[in-house]
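Trainee: got a sequence here, can you model it:
(chains A, B, C and D)
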2 protein chains.
Amino acid sequence: MNTNTNFIEKLRSSGLRPTKQRIKICEALFDRNETFHFTINDLAKTIEEKLNEKISLATVYNTVHAFKKKGYLKEISINSDKSYFDTNTSVHHHFFDEDTNELIDCNQENIDSINIKNNITGKKINSVEVLIKVASDYQNQK
Amino acid sequence: MNTNTNFIEKLRSSGLRPTKQRIKICEALFDRNETFHFTINDLAKTIEEKLNEKISLATVYNTVHAFKKKGYLKEISINSDKSYFDTNTSVHHHFFDEDTNELIDCNQENIDSINIKNNITGKKINSVEVLIKVASDYQNQK
DNA sequence: TTCTATATTATAATTATTCTAAACTGTTGA
DNA sequence: TCAACAGTTTAGAATAATTATAATATAGAA
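Mentor: From the prediction side, this is the model:
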C-alpha cells in the first residue's frame, strides 16, 4: 500500500487520474526488481494471473500508450508482428533472442557510444536504438 | 529484356522458378538505380501502377519472403504496424523520419563501428541494426 | 506431350491494434 | 456531502497487416 501511494502520486503528478486499473497496471509493471520486457498480451496475462484482476484490453493499450508518452515506458521495435515495451527507460540497447523471442537488455557500456557523423538536414534525432539479433550457434536461422 | 534474362538466371540459380510474377517483382525491385525501401503495399502499388500488372497480394508476400530468405532483401524493424524491406542488403543502418514515415539509408561510415563487448553466452550474433528516429526540430513528438 | 511438383490466386481466417459509444468514476467546487 | 462534468473504462465492432486454404495454373523434367 505504500507503493500504491507512490503510484497514485506518480500518476496524479503526471496528469493521469489514478484509477483502479492504472494502479494495478503500475503494480504489474513497476513492482519488480528487474526490468520487464513485455508485449500487451504478456502484460494482460500478468494482470490476470498474478494480480487476479481482469482489465479490458483496450484499457491496457490506452494505459501503456499513456505511460509511454509520459516517459515511463519505452517501445522497442523488433519483428513487426507485435510491439514490445520496456520498463527500463534509460538509454540502452537490446539483444533479441530469435530462438525464444526474448528481449535482453544490453547496457550502454557494452557498446561503444554511437556517434552519428551526419544527420539528416533539418531533423532532430529522437532516438538511437541498437538491436542485436542472436540465435543458437548450431542451428540454421530462417 | 537483357535484365530479364539476368533475373531469370538469378531466380533459377537460387532454386526459385522464374515465373512471370517473380520476374515482374524483380523488375519492380531491382531495375532501379537507387535503393528501394518499401512495404508490401508500396511494392504491390508499384507493380500495378508502374508495370501495369496485377499480382495477387499473397504472391507478393510469398515472393518477398522468398527473396529475403535468399538474401536479396533485408527486413527492417520499425514501429510495429507494418514491415519494411530494403533492396540494399549490405551492412548499413537507417534513419526513420517520423514526420513522413520514410526510411533513409545510413551507411556504415556514418557511424563508428559497433563493437559489442559481451555477447549472450552460447548465442551467435545474426545482425546488428541501428535505427535512428528523427523528426522536425520544431514540433513536439508524440 | 504428359506428368508432377511448385506457384498463383481469391478468399477466408487470424492477429494485433484502434475505434466507438455507452456506462462509470475521480475530482472539483457549491 | 453531493451534483456535475470531464476523463476513463468497457465490450464489442472495425481495421489493417499478414497468413492459411484449397482450387487452379504453370514450369520443367521425362
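Trainee: what about chain A, any weak spots by pLDDT?
Mentor: A:1-2, A:138-142 (pLDDT under 70).
Trainee: rerun at 50
Mentor: For chain A, the stretches with pLDDT under 50 are A:140-142.
Trainee: contact residues of chain A facing DNA strand D?
Mentor: Neighbours of DNA strand D within chain A, by C-beta under 7 Å from any atom of the strand: A:15-17, A:19-22, A:54-59, A:62-63, A:80-81. C-beta here means a position set from N, CA and C on the backbone, and glycine is covered the same way.
Trainee: of the residues you listed, list those near chain B.
Mentor: Counting by C-beta under 8 Å from any C-beta of the partner chain, A:80-81 from those sit close to chain B.
Trainee: quick one: residue A:31 and residue A:3 touch, right?
Mentor: Yes - with contacts counted by C-beta atoms under 8 Å, residue A:31 reaches residue A:3, the gap being 6.0 Å.
Trainee: what touches both of those two?
Mentor: Residues touching both residue A:31 and residue A:3 (C-beta atoms under 8 Å, 6 or more residues apart in numbering or on different chains): there are none.
Trainee: in stretch A:63-83, what counts as buried?
Mentor: By neighbour count with 16 or more other C-beta atoms under 10 Å in any protein chain shown, stretch A:63-83 contains the buried residues A:63-68, A:72-74, A:76-78, A:80, A:83.
Trainee: filter the residues of chain A next to DNA strand D to the buried ones?
Mentor: A:16, A:21-22, A:55, A:59, A:63, A:80.
Trainee: reformat those residues as TSV; add secondary structure and distance to DNA strand C.
Mentor: Formatted as TSV, these follow (DSSP: H, G, I helix; E, B strand; the rest coil; distance: C-beta to the nearest atom of the strand, whole Å):
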residue	secondary structure	distance to DNA strand C
A:16	coil	9
A:21	helix	9
A:22	helix	10
A:55	coil	13
A:59	helix	9
A:63	helix	11
A:80	coil	9
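Trainee: doesn't residue A:44 fall inside a helix?
Mentor: Yes - counting by DSSP: H, G, I helix; E, B strand; the rest coil, residue A:44 is part of a helix.
Trainee: grab the nearest non-local neighbour of it.
Mentor: Nearest non-adjacent residue to residue A:44, counting by C-beta to C-beta, 6 or more residues apart in numbering or on different chains: residue A:60, 5.2 Å away.
Trainee: got the phi and psi for the one you found?
Mentor: The phi/psi pair for residue A:60 (degrees, to the nearest 10) reads phi -60, psi -50.
Trainee: and the two most separated of the buried residues of stretch A:63-83?
Mentor: A:72 and A:80 (23.5 Å; C-beta to C-beta).
Trainee: in a helix, residue A:47, correct?
Mentor: Yes - Residue A:47 forms part of a helix when assessed by three-state DSSP.
Trainee: around DNA strand C, pick out the residues from chain A.
Mentor: Counting by C-beta under 7 Å from any atom of the strand, chain A sits next to DNA strand C at A:12, A:17-20, A:39-41, A:57-58, A:61, A:65, A:81-83.
Trainee: and if we set it to 6 Å?
Mentor: A:12, A:17-20, A:39-40, A:57-58, A:61, A:81-83 (C-beta under 6 Å from any atom of the strand).
Trainee: could you dump the residues you listed into CSV with distance to residue A:128 and secondary structure added?
Mentor: Below are these laid out as CSV (distance: C-beta to C-beta, whole Å; DSSP: H, G, I helix; E, B strand; the rest coil):
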residue, distance to residue A:128, secondary structure
A:12, 32, helix
A:17, 34, coil
A:18, 34, coil
A:19, 35, coil
A:20, 37, helix
A:39, 23, coil
A:40, 25, helix
A:57, 32, helix
A:58, 32, helix
A:61, 26, helix
A:81, 23, coil
A:82, 23, coil
A:83, 19, coil
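Trainee: and chain A, what are its domain boundaries?
Mentor: A:2-76, A:89-134 (automatic domain parsing).
Trainee: can you show me the helices along chain A?
Mentor: When secondary structure is read from DSSP state H, chain A shows helices at A:2-13, A:20-30, A:40-49, A:57-70.
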